[in-house]
Each structure stands twice: as C-alpha cells, then as structure tokens.
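Student: Below are the sequence and a predicted model for it; my questions follow.
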Amino acid sequence: MNYPIYLDYNATTPCAPEVIAAMIPWFGEHYGNAASKSHAYGWVAENAVEAAREHVANLIGAQSKEIIFTSGATEAINLAIKGTFDLHKGEKQHYITCQTEHKAVLDTIKAIEENGAEVTYLPVDNKGDIDLNFLKLSILPHTKMICLMWVNNETGIIHPINEISKLAEDSEIIFLTDAVQAVGKIPVSVSGIHLMAISAHKLYGPKGIGALYVRHNHSLPKPMPQIHGGGHEKGFRSGTLNVPAIVGFGKAAELRMSTMDKESNRLEKLRDILENKLLQISNTSLNGSQTRLTHVTNIAFSGVEGVDLLRKICQKIAVNSGSACTSISPKPSHVLQAMGLDSDLGRASIRFSLGRNTTEQDVMDAVEWVEKVVLELRG
C-alpha cells in the first residue's frame with residue numbers, strides 16, 4: 001500500500017525493528033506461561049518478564065516491583081481511579097482532574113462521579129496551562145485523588161508535575177498522572193508520584209501492553225484490583241501475562257533510555273521548520289504554549305471547514321485533529337474548547353507529531369501539501 005507521510009506519532013508509533021526482533025522468539029520457541037512455576041518453560045518466560053519489568057522501571061526511575069503490567073494505559077487508568085474509589089466505598093469522596101485530560105481519564109472519572117464521587121474539573125487558560133493556586137484551593141478534607149496528565153496528547157503541553165506532586169504529597173493525597181505522552185519522550189521520575197499510567201505503543205513498542213506504576217512502601221493506600229482470577233501481578237491485575245508484548249515493552253524502554261535525548265533534539269529542529277513555515281500561511285495560529293514536547297505542534301487554520309481540511313490533508317499526510325481515541329467524532333476537540341477556541345476553529349486545527357522515521361524531506365513535502373490544501377479550500 002502507498003501510505004501517506006506519517007506525522008501522527010502521538011496516536012501511535014511503529015514498533016522499532018529491535019523491538020520486533022526481541023519479541024519474535026516469545027511467540028514460538030519460548031512459549032511458556034510465566035505463571036508456570038514447576039518447569040523450565042515457565043521459568044524462562046518469568047525471567048524474561050522480570051527483565052522487561054526492570055527496563056520499564058529504569059525508564060521512569062522506579063523499582064521493578066512497582067510496575068504492574070496491564071493491557072494498556074486505559075486499563076491502568078481504570079485500575080488506578082476505580083480501584084481507589086472502591087477502596088473508599090461508603091465514604092465521602094472528592095477527586096480533582098482537568099478539563100483537558102485524555103478521555104480515558106475523563107470517562108473513568110465520569111463513571112465514579114455517577115456512582116457518587118464529587119469531582120472538580122480544573123479549567124485551563126488559553127495556552128492550556130493549569131492554575132496551581134486554583135488547584136490548591138480545590139483540595140477538600142475528603143479529596144482522595146488528584147489526577148492530572150504529565151503531557152497533553154493534543155497540544156504537547158508539559159504540565160508542572162513536580163509542583164503538583166509536591167502539593168499532593170504535602171496534602172497527603174494520592175496523585176495519579178497519565179504519563180503516556182511523556183515517558184520515552186522526556187526525562188520522567190516517579191518522585192512524589194503515587195500512581196502513573198504508561199503505554200508501550202507510544203514509545204515504539206507493541207500495542208496492547210501498558211503498565212501502572214504503584215508506589216511501594218508508602219502510607220497512602222494502593223488501589224483495589226478490578227480484574228480478579230489467579231492473583232497475577234501481585235494481585236493487582238489477574239490474567240495470563242502477554243510475554244511477547246511485555247518483552248517488546250521492555251526492549252522499547254531500554255532503547256528510549258539511550259536514544260531519547262538525541263532524538264528529541266533532532267525532532268525539535270524538524271518541528272520548528274514545519275511550524276514556522278505553516279505559520280507563514282495567512283490566518284494560522286499555534287494552539288498551546290512553548291512549554292511542550294519537541295516533536296508536536298497543533299495549528300489552527302481559520303477560514304476552512306475542519307472536516308474537509310482533515311480529509312484532504314490526510315490524502316498525503318497522516319495527521320489528526322485531536323486524540324486518535326476521539327477522531328471518529330465530528331465534534332471539536334474538548335481540549336481546544338477548554339482553551340477557549342470556538343467550535344469552527346477547533347475543528348480546523350491539526351495536530352502534527354513527528355517521530356524517529358520523520359525526515360526533513362517529509363517535513364518539506366508536508367508543508368507544500370498543507371499550504372496547497374488550505375489555499376484551495378479557502379478558494
């Protein structure tokens with residue numbers, strides 16, 4: 001198939017060749033169940049899982065025993081939020097999150113809200129930033145969790161996690177962060193964080209595998225399991241482990257440790273070329289602040305219909321108007337709405353996210369095509 005140029009790395013990343021090579025033996029030659037404790041097939045699989053767990057832990061500065069493998073970040077988020085809610089069942093509960101969170105968080109929060117939890121949805125300014133003073137004022141005596149993402153998936157904005165984690169720590173409140181777009185892209189540390197959701201397919205690993213970091217040896221309670229049956233993963237998440245995917249996750253984490261900084265610098269140069277040239281098109285503007293990931297830009301193109309713009313651009317450039325999880329909806333991005341963009345401009349905004357296979361020629365071709373499409377649609 002003659003694929004378009006891929007500039008949608010925030011939606012998913014291709015498995016690195018080294019990751020694929022690492023996974024292949026675990027589909028065939030080494031097919032043991034990691035929970036089989038009585039023979040070599042299980043021992044070999046278990047050793048592979050633990051090695052991968054160590055690599056994932058190293059990437060975020062955690063201990064390997066604090067990594068709980070899940071089917072992805074959405075499951076990790078559900079385990080963290082619903083597990084905390086269930087832990088305090090019968091109590092008065094309050095949760096703090098933000099209007100610009102990923103739907104995996106917002107929909108899970110909505111589910112516990114419908115079951116009796118009080119929720120504060122923090123607003124953002126026109127750059128997408130949170131007011132830390134407002135966050136502090138939102139804390140109540142019965143606040144059980146602060147849930148705020150590390151990096152926004154649509155704008156690439158990096159939130160002040162160190163300050164947020166300190167506030168949560170000082171208030172003795174569980175802090176959950178969706179770090180899906182941060183891990184493997186920027187240096188990440190679990191210091192001061194109680195729960196963290198991460199995903200392999202955002203950092204050149206396979207789909208269908210993620211993890212929840214659960215802080216060890218701390219007075220704050222841990223979430224209750226949401227999947228029962230066998231007591232796998234220290235009882236947090238039962239089910240036969242997906243050994244090939246876990247091995248791939250570990251390999252991807254290991255690779256990001258050694259390539260992240262160099263790749264980030266390369267992509268920043270390419271992103272800046274793309275962004276500066278696109279902003280030279282009349283009536284365009286940047287959505288978000290400069291405190292963001294080096295490979296992401298989100299640009300609004302006024303004077304065009306958003307559905308037509310996205311459909312036409314995607315003939316030659318694979319991009320998105322928001323989260324891949326909500327791209328099937330014609331509604332404007334909830335993130336951009338929260339930042340104050342009107343519906344028409346929100347729909348006419350495009351997220352460009354670059355990655356390890358992006359070349360300067362890809363960027364130049366993308367600029368040429370986007371400019372052509374925008375001018376044609378404006379008539």
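Tutor: Cool, the structure landed. Owing to the predicted nature of the structure, the values given are computational and were not obtained by experimental measurement.
Student: What average pLDDT does the helix or strand harbouring residue 307 get?
Tutor: Assigned by DSSP states H and E, residue 307 falls within helix 306-313. The pLDDT scores in helix 306-313 average 96.
Student: Mind giving me the packing neighbours of that helix?
Tutor: The contact analysis (3 or more CB pairs under 8 Å, 6 or more residues apart in numbering; DSSP states H and E) places helix 306-313 against helix 343-347, strand 349-353, helix 360-378. Backbone N, C-alpha and C define where each C-beta goes, glycine included.
Student: who wins for proximity to residue 62 among the ones you listed?
Tutor: When these are compared for distance to residue 62 using CB to CB, the nearest one is strand 349-353, at 26.0 Å.
Student: what about the closest one, average pLDDT?
Tutor: Average pLDDT, strand 349-353: 98.
Student: and the angle for it with helix 306-313?
Tutor: Computed by axes from the mean of the first three to the mean of the last three CA atoms, to 10 degrees, the angle separating strand 349-353 from helix 306-313 equals 40 degrees.
Student: packing partners for strand 349-353?
Tutor: The contact analysis (3+ CB pairs under 8 Å, 6+ apart) places strand 349-353 against helix 243-278, strand 296-301, helix 306-313.
Student: which element is the nearest residue to residue 74 once chain neighbours are set aside on?
Tutor: Setting aside the residues directly before and after it, residue 74 is nearest to residue 104 in space (CB to CB, 6 or more residues apart in numbering), at 4.4 Å. Residue 104 is located in helix 103-113, with elements delineated by DSSP H and E.
Student: Averaged pLDDT, that helix. What do you get?
Tutor: Averaging pLDDT along helix 103-113 yields 98.
Student: If we go by neighbour counts, what in that helix is buried?
Tutor: If you call a residue buried by 16 or more other CB atoms under 10 Å, then helix 103-113 has these buried ones: 104, 105, 106, 108, 109, 112.
Student: list the helices and strands that helix packs on?
Tutor: Other helices and strands packing on helix 103-113, by 3+ CB pairs under 8 Å, 6+ apart, are helix 73-87, strand 94-98, strand 118-122.
Student: From the contact counts, what lies against the longest one?
Tutor: In other words, helix 73-87. Helices and strands touching helix 73-87, by 3+ CB pairs under 8 Å, 6+ apart, are strand 67-70, helix 103-113, strand 143-147, strand 174-178, strand 195-199, strand 210-214.
Student: Can you name the next helix or strand after the third one?
Tutor: Using DSSP H and E, the helix or strand that follows strand 143-147 towards the C-terminus is helix 161-170.
Student: got the angle between that next one and strand 94-98?
Tutor: Helix 161-170 runs at 170 degrees relative to strand 94-98, counting by the same axes, to 10 degrees.
Student: as a whole number, average confidence for helix 161-170?
Tutor: Across helix 161-170, the average pLDDT comes to 97.
Student: Low-confidence stretches in the stretch 251-379 of the chain?
Tutor: 322-330 (pLDDT under 70).
Student: How about the stretch 51-200 of the chain?
Tutor: For the stretch 51-200 of the chain (pLDDT under 70), the answer is none.
Student: can I see the domain layout of this structure?
Tutor: Segmentation of the chain into domains, based on automatic domain parsing, reads 5-12+260-378, 17-255.
Student: follow-up on the earlier one: show me the contacts for the residue nearest to residue 74.
Tutor: Residues in contact with residue 104 (CB atoms under 8 Å, 6 or more residues apart in numbering) are 73, 74, 77, 78, 178, 325.
Student: can you do 10 Å?
Tutor: If you count contacts by CB atoms under 10 Å, 6 or more residues apart in numbering, residue 104 has them with 72-78, 81, 149, 153, 178, 180, 197, 199, 323, 325.
Student: Separate out the buried members of the residues you listed.
Tutor: 72-78, 81, 149, 153, 178, 180, 197, 199, 323.
Student: closest to residue 231 among those?
Tutor: Distance to residue 231, by CB to CB, is smallest for residue 75 among the buried ones among the contacts of residue 104, at 17.0 Å.
Student: Can you tell me the closest non-neighbouring residue to that closest one?
Tutor: Closest to residue 75 by CB to CB, 6+ apart is residue 210, at 6.7 Å.
Student: for residue 300, same thing?
Tutor: Leaving out its chain neighbours, the residue that sits closest to residue 300 by CB to CB, 6+ apart is residue 349, at 4.4 Å.
Student: Leaving out chain neighbours, which residue sits closest to residue 264?
Tutor: Residue 264 sits nearest to residue 294 (CB to CB, 6+ apart), 4.9 Å away.
Student: ok, that neighbour - contacts?
Tutor: With CB under 10 Å, 6+ apart, residue 294 has these contacts: 156, 185-186, 263-272, 354.
Student: Out of those, which comes closest to residue 218?
Tutor: Taking the contacts of residue 294 together and measuring to residue 218 by CB to CB, the closest member is residue 186, at 24.5 Å.
Student: circling back: quick one: the buried residues of helix 103-113 as TSV, columns for distance to residue 38 too.
Tutor: Listed next are those as TSV, based on distance: CB to CB, whole Å:
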residue	distance to residue 38
104	38
105	41
106	45
108	38
109	43
112	41
